[in-house]
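Visitor: Using only what follows, build the 3D model:
(chains A and B)
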Amino acid sequence: MSRGGRGGRGGAYGGSAATRMASGTLGILIDKELEDAFAQADDPEIGLFPQYFPHLAAPATEQEKEQIRFYLDLQDNVRNGWLAKAIEGLQAKNRQRAAVTKKFNPFEDVPQYGLKRGRGAEKVPKFEEFPFVKEHFPKELWCVLDSTDDTGAERKPKRLKLSAKSNRDKLAELDDLDEVPELDKDDEDGAKKDDDEDAPEELQDNDFDEDDPENEELANDDYNAEQYFEDGESDHDDGGGDDGGGGEMD
Amino acid sequence: MTSSLVEVCNILIGHTFDDISQRIFTKLANGGRTTFNLLKSLHFRDTAPRRLKQSLARLIQHRLVVHYTENADTDAERTYYSVNWHVAYGWIRNGRLVALVQDRHGDKAGSLIAMLLQVGHTTVADLASAFNFEAASGSKRESGTDINAAPHVNGNGAANGTHTHRERDSGSIKSIDELHYIMRKLLYAGILQKVGTHTFKPQADAEAEIQAVVMAEQFPDGKITGPRKQAEFKRSIDSLKRKWRDEERYDEHRDADTDGTIKRPGQDAMAANKRRKMNGGSANGHGEVRADFSGPKLPNDMSIGINHARCTVALRSEQLVHYAKQYLGHTTAGVYRALLIALESKIRSIRDDTMVYEDEDYEDEAQPVASVMEVADNLDTNLDLTPPGKVTKSSNTNGGPKVKKKGVIEYDPDFADIGIKREVQSDSDDDITPIKAQGRRLDTIEQHLKLLEEHTSQFCHRPSVTGSSEWRVSFPFITRTLIQAQIDTTIQRRFGTVGVRVARMLREDGKLEEKQVAQRVLKHVKDIRSTLGLMQAAGLLEAQELPRDQYRQPTKCIYLWYFDEKKVQAQVLAQSYQGIARCLQRMDVEQTRFQQVLDKRARLRADSGEDEQRTFMMGKAGLLEEEGAPLSGVEKLQLGQWREVQEKLLAQVGRLDELVALMRDFDGGDVSMIC
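Guide: Numbering: from 1, shown residues only, chains lettered A, B, ... in the order given. This is a model prediction of the structure:
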């Protein structure tokens, strides 16, 4: 039974603590370091979550980064590729969206960003128009591989569309996005609004075709309520609006 | 099928394909093969059958799902669908595959492969039409430009016009000749492969079919009794298998274009593409090197797809080179790499199960050889083969170039940083002929190869000693060396030097008792006991009990410790799969942190890039300016962070994938993927 020495204390601590001579206010010998260790073990910050130095993996090498870039590009292209979009669920969603945006009431509804952007269904390619090689598929699936024509006339020759998009340069990509909502585009679009629907894209979505004449009419009609008001384009001097309005009311 | 592999594949498919496809894949993976009706009625009650069929067709298109129809054209016809593990797991390696093709065969080949990966497989004609060659060159033709000018494609020749702002002209394929040329090159290299109906059958079914065919043809009575007949049966099966496989292999003569004439440069090949009447496809006015792209065209209805096994072969070469570099340095490793590349083209596939070798020697002999000339061809041009420290007659050790000749004096670069300028054998510079230079180069290469040969790991060896310099790498042997090295490294990281010493010792010496283990590892028994116990708990060591009496009293038993290599290999493989699965899952979780920014970016992209025909009804001072603003600085920062997170996780996945490839694919014995 030694006093104060750390080596001998270990075994004798528990049993003989009470019989020790007092040294200190509590009447038991206190080993500072051991006390600290016990306190720390109970301390929620340090004891439960002791300092731990994890092994960190080496950062990606240039080669690996290149491979990752290719992989992510591929993932993007497949996710947003032809077949993905053509799967009918997406098509239905688009049709829904297009249906909703038609109901914009120009007299009462406030023009909203989302409605404006939702005009016209996205050009969703058709699943059947993908050039499948039928021999490779089982007969069960042939019905989705071919477009069923009522007339039996020759189908449009199928063409493969591939995206060569690649996010090669992260910085360049982020820079590119700066140009995205180019406001001069609106001018051009406004000018060739009429031609836009006619402008042929090789594979047109049939849904869009159906809407085509309607949009045309809407654009050119005298009774087009949407175009009746100028949407505040030239309404730049808001200051005199009230007075002018008030004056007219008389 | 290990469940971790299932997990990995499910997550992979989920990342890239839509949710119905992922569910189909999961159900097939977990449940085994089923028919369409069963699949629909059990798992997809709420989905429209058409939708289900579309997703299934999509998976088949990418060869992720294979199918087999039995009793075709009868009432009992049924089609079974099952997953194709090779392609499903191989999806991880696609990025590496594209990078590899780009390295070895150029940017254009790389982009071609990337595009082909998007669609799985396709016919030659469709691929050509995707490049939009005719439309591009057609417009120029009408405007009467010079025939000899290269067809300057509208913006780019590669894609169908959607993301034009991304393409650089120099990186895209400009003519259909070039496309065919690149495709032929890739077919020869084995990266592209012909895709036929057999590719879509599960392997077991294909084998069963072969057996049935052989039985019907050669053994009509259906009895295969006796060893002789059995051997004959087996041989017929093998030959038919090989025949089917060869049918699907691209052969220039068999698959050449229909009329079979040799296409001469400048001669019109196909009637449809008259405008390719240029001087051999070469062009004036462009700085790039134009090879003669004419040659036999691929037939238009041939389907081609990616051969994922090539990636494995290339992976193996890379790992071997890395291993060699650690021992022998950069230059020698470069030479080794050239040798491996030369051999790669001669290897059909790692796994050739029609050949069974009776003896290791025979196995060795069947490996391909490469001559030094081929090695020299494949050598990286940047590699400086000059042996350092070569004492030359006119060496100048004290700096100060003494110009003795008119020509430029070359200094040995290796000693340059010490300030010593040593001339490199300049005496024969003037009178060295190209043949001599070539000969000297070959000599140097041979010396490097000899270094490789003499190393204890036996990187390569010469099969015939008589002096014809042909070199061979015995892959089975060196693969085992690699695997052992990797396992040793793993054990060392986890259990320290003691652990790895124990493992190595037990690997060599077999089963030993505790005392003997301690003796040989030079440790005390009580020290070694804990290590042995820990390693056993981790599954790396095994213990065997030998009872000495009939009651099997523990005190009287002998306990032997041993190291089972195969088991450890499988264990490391399983843990790698788990690691990959966790990384990918983590990526999903991290994505939710950045979801807002990613959505915004996707929306902006959709607005700007693809839908150019969208009409903006609002005026220019409309709301677009306020809400549709491009990404702010903070958002760009977040996107950058997301990119970093992705890179970290995917880099880790790539490294784990290398490990998986080592443990599973390199020796050709397909361990966990048999369906």
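Visitor: what's the neighbour count on the residue nearest to B:N10 when sequence neighbours are not counted?
Guide: Leaving aside its sequence neighbours, B:N10 sits nearest to B:T26 (CB to CB, 6 or more residues apart in numbering or on different chains; 5.1 Å). Where you see a C-beta, it was placed from the backbone N, CA and C, and this is true even at glycine. The number of residues packed near B:T26 is 18, by other CB atoms under 10 Å in any protein chain shown.
Visitor: Verify the stated contact: B:D509 with B:R520.
Guide: Yes - between B:D509 and B:R520 there is a contact at 7.1 Å, judged by CB atoms under 8 Å.
Visitor: shared neighbours, these two?
Guide: Residues touching both B:D509 and B:R520 (CB atoms under 8 Å, 6 or more residues apart in numbering or on different chains): none.
Visitor: so which strand or helix has B:A212?
Guide: Assigning secondary structure by DSSP states H and E places B:A212 in helix B:203-218.
Visitor: Quick one: name whatever helix or strand follows that helix.
Guide: Downstream of helix B:203-218 (by DSSP H and E), the next one is helix B:227-247.
Visitor: Now do that following helix against helix B:203-218, angle only.
Guide: Orientation of helix B:227-247 against helix B:203-218 (axes from the mean of the first three to the mean of the last three CA atoms, to 10 degrees) gives an angle of 120 degrees.
Visitor: residues of stretch B:48-59 that come out buried?
Guide: Residues of stretch B:48-59 classed as buried: B:51-59 (neighbour count, 16 or more other CB atoms under 10 Å in any protein chain shown).
Visitor: Any figure for the gap between the residue nearest to B:N10 and B:K511?
Guide: 43 Å (CB to CB, to the nearest Å).
Visitor: got it, and B:V653?
Guide: The value you get for B:V653 to B:K511, if CB to CB is used, is 38 Å.
Visitor: Can you pick out the residue with more neighbours from these two?
Guide: Neighbours around B:V653 and B:K511, counted as other CB under 10 Å, are more numerous at B:V653. The numbers are 24 against 17.
Visitor: Which strands and helices lie in contact with the host helix or strand of the more buried one?
Guide: For B:V653, the host element (DSSP H and E) is helix B:633-660. Here helix B:633-660 touches helix A:62-79, helix A:170-176, helix B:94-105, helix B:565-593, helix B:595-605, going by 3 or more CB pairs under 8 Å, 6 or more residues apart in numbering or on different chains; DSSP states H and E.
Visitor: avg pLDDT for that helix?
Guide: Across helix B:633-660, the average pLDDT comes to 91.
Visitor: ok so, going back, verify the stated contact: the residue nearest to B:N10 with B:L12.
Guide: No - taking contacts as CB under 8 Å, B:T26 lies outside contact range of B:L12: 11.5 Å.
Visitor: For A:K170, report the pLDDT, please.
Guide: 49.
Visitor: mind checking the SS state of the residue nearest to B:Q22 when sequence neighbours are not counted?
Guide: Nearest non-adjacent residue to B:Q22, counting by CB to CB, 6+ apart: B:G14, 4.2 Å away. In three-state terms, and counting by DSSP: H, G, I helix; E, B strand; the rest coil, B:G14 is helix.
Visitor: which secondary element of chain B has the worst mean pLDDT?
Guide: helix B:624-627 (a mean of 37; mean pLDDT, DSSP states H and E).
Visitor: Quick check: buried residues in stretch B:193-210?
Guide: B:193-196, B:199-203, B:205-206, B:209-210.
Visitor: which one of the residues you listed sits closest to B:Q486?
Guide: Nearest to B:Q486 among the buried residues of stretch B:193-210 is B:Q203, at 28.1 Å by CB to CB.
Visitor: Tell me if B:N37 really is in a helix.
Guide: Yes - counting by three-state DSSP, B:N37 is part of a helix.
Visitor: I'm done for today, thanks for sticking with me.
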